[in-house]
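Engineer: need a structure here:
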Amino acid sequence: MDLRFVRIGFLIISAILGSQLVGQAVGWPFALRLLVGAAAGAILILIEAAIHRVGRVSIRGFSAAVFGLLFGLIMAKLVSDAVALIPLDLGTVATVRVALTWAFCYLGMVMALRGRDEFSVIIPYVRLVRHDRGEELRLVDTSAIIDGRLLDLCQTRFIEGRLIIPRFVLKELQAVADSSDPIKRSRGRRGLEVLKQLQSLATIDVKIHEEDLPGIAEIDAKLVKLAQVLGTRVITNDYNLNKVAELQGVGVLNVNELAQALRPVVLPGETLEVKPIKEGKEHHQAVAYLDDGTMVVVENGRALIGQSIRGLVTSVLQTAAGRMVFVRPETAPPLKR
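Structural biologist: Numbers count the residues shown, from 1 in each chain. A predicted model of the protein is given here:
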């Protein structure tokens, strides 16, 4: 529903209420009472518009403030009833009730707002989604958006449900896209395009989370804290963020680790078709790469650089940098010494 219709309806209701509740006892004419009610509604609409211009009110902050106010009212009621047991005159009791109500409401709202990062009773993440969608929430880091493989995982339905993009991640992505460095600018724009394509997928519900966590400076720390508050996992390619999150008990979906796990298994004795593209460390070696980036060392293959060859796998070596496969060409020239 358009906001203008809501405001017009509110003005009409305010005018009707004003005609029934204002000035009847002193004989105000009907038109004046109607006008007073409409004016009161208009003032309230202006206040709401002014608050919106000053700054956007987050759902989490508003929910925390309401909860704190209710808690303060309850505590004030309980304490006031206890004070009323003391034999005091009615004027003193009324004064104490007012003072306690103001004090507890203020303390309740302040404490709730200061702890709003841990305030999990919020509306935006109630699962009011279609049954054909997964319901698990996942926070997405800037590195995973820029990388682009997250889009492939979502398109193949390995990841479904709701992806949460924090506002501070979106700002960081925008800053990369506006960078003076052409490489960074290209990466940032690619990330924005990936995000746009994610929003168009039927199996993914992309939501922007407005809470900025102003008390935390670093983006990675904000992500970890937000993941703890929402009780969800983080999708990232950042090795450092991965380790920090795990140390704090936050689950991580690392796209790089997934890619490593899905690399095809190559065993000694199998044959591969590769194309050496450069010289190796040894004088008779050449280097090729598989489609997934695995390095292939071609023994006695320097003379075969630039040619597509078939080779027999002789050994597979797992290193800190990744997997290395050693092959011997089926038809190799004599080894030069």
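Engineer: going by C-alpha atoms from here, please, whenever you check contacts or count neighbours.
Structural biologist: Noted.
Engineer: need the helices for the chain, in chain order.
Structural biologist: Using DSSP state H, the helices found in the chain span residues 3-21, 30-54, 59-84, 90-114, 142-147, 149-155, 167-177, 182-199, 219-230, 239-247, 255-261.
Engineer: Phe168: how many residues sit nearby?
Structural biologist: Phe168: 21 surrounding residues under other Cα atoms under 10 Å.
Engineer: looking at it now. What's its pLDDT?
Structural biologist: Predicted confidence (pLDDT) for Phe168: 89.
Engineer: shouldn't it be in contact with Asp212?
Structural biologist: Yes - using Cα atoms under 8 Å, Phe168 is in contact with Asp212, at 6.2 Å.
Engineer: thinking again about what came up before, between the helices of the chain, which one is nearest to Val325?
Structural biologist: Ranking these by proximity to Val325 (Cα to Cα) places helix 255-261 first, at 14.6 Å.
Engineer: helices and strands around the closest one, which ones?
Structural biologist: For helix 255-261, there is no helix or strand it packs on, judged by 3 or more Cα pairs under 8 Å, 6 or more residues apart in numbering; DSSP states H and E.
Engineer: now that helix: how far from the chain's centre is it?
Structural biologist: 21 Å (Cα atoms, centre = their mean, to the nearest Å).
Engineer: straight-line length of stretch 315-330, end to end?
Structural biologist: 15 Å (Cα to Cα, to the nearest Å).
Engineer: ok, stretch 176-187 next?
Structural biologist: 7 Å.
Engineer: circling back to that earlier point, can you put the helices of the chain in CSV and add distance to Val316?
Structural biologist: Below are those laid out as CSV (distance: least, Cα to Cα, whole Å):
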stretch, distance to Val316
helix 3-21, 65
helix 30-54, 62
helix 59-84, 53
helix 90-114, 55
helix 142-147, 28
helix 149-155, 26
helix 167-177, 39
helix 182-199, 34
helix 219-230, 36
helix 239-247, 25
helix 255-261, 15
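Engineer: where among the ones you listed is average confidence lowest?
Structural biologist: Among these, helix 255-261 carries the lowest mean pLDDT (a mean of 78).
Engineer: and that helix, C-alpha only, in CSV?
Structural biologist: In CSV, the C-alpha atoms belonging to helix 255-261 read as follows (Å, rounded to 0.1, in the frame of the first residue of the first chain):
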residue,chain,number,x,y,z
VAL,A,255,33.8,-20.9,-1.0
ASN,A,256,37.6,-21.6,-1.5
GLU,A,257,37.5,-24.6,0.8
LEU,A,258,34.4,-25.9,-1.1
ALA,A,259,36.3,-25.5,-4.4
GLN,A,260,39.3,-27.4,-3.0
ALA,A,261,37.0,-30.2,-1.8
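Engineer: name the helices or strands packed onto the longest strand seen in the chain?
Structural biologist: In the chain, assigned by DSSP state E, the strand with the most residues is strand 309-319. Packing partners of strand 309-319 (3+ Cα pairs under 8 Å, 6+ apart): strand 271-274, strand 322-329.
Engineer: turn these into CSV, columns for mean pLDDT.
Structural biologist: Output for the helices and strands packed on strand 309-319, formatted as CSV (pLDDT from 0 to 100):
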stretch, mean pLDDT
strand 271-274, 86
strand 322-329, 84
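Engineer: among the ones you listed, which is the most enclosed?
Structural biologist: Ranked by mean neighbour count, the helices and strands packed on strand 309-319 are led by strand 322-329 with a mean of 19 (mean count of other Cα atoms under 10 Å).
Engineer: Val298 is in contact with Tyr289, correct?
Structural biologist: No - look at Tyr289 against Val298 with Cα under 8 Å: they stay out of range, at 10.2 Å.
Engineer: shared neighbours, the two?
Structural biologist: Pro276 (Cα atoms under 8 Å, 6 or more residues apart in numbering).
Engineer: please identify which of those two sits among more neighbours.
Structural biologist: Between Tyr289 and Val298, Val298 has the larger neighbour count (other Cα under 10 Å), namely 30 against 16.
Engineer: list the contacts of the more buried one.
Structural biologist: By Cα under 8 Å, 6+ apart, the contact set of Val298 is 276, 285-288, 311, 326-329.
Engineer: picking that back up, looking at the helices of the chain, which is buried most?
Structural biologist: By mean count of other Cα under 10 Å, the helices of the chain have helix 142-147 as the most buried, with a mean of 22.
Engineer: related to what we said a few turns ago, out of the contacts of Val298, which comes closest to Ile8?
Structural biologist: For the contacts of Val298, the nearest to Ile8 is Ala288 (69.9 Å; Cα to Cα).
Engineer: name the nearest residue to that closest one, sequence neighbours excluded.
Structural biologist: Distances taken as Cα to Cα, 6 or more residues apart in numbering place Pro276 nearest to Ala288, at 4.2 Å, with adjacent residues excluded.
Engineer: next up, the contacts around that neighbour.
Structural biologist: So Pro276 contacts 286-289, 298, 301-302, 304-308 (Cα under 8 Å, 6+ apart).
Engineer: gap between it and Arg157?
Structural biologist: For Pro276 relative to Arg157 (Cα to Cα), the value is 35 Å.
Engineer: now do Thr331
Structural biologist: Distance from Thr331 to Arg157, by Cα to Cα: 43 Å.
Engineer: got the domain ranges for the chain?
Structural biologist: 3-118, 137-261, 271-329 (automatic domain parsing).
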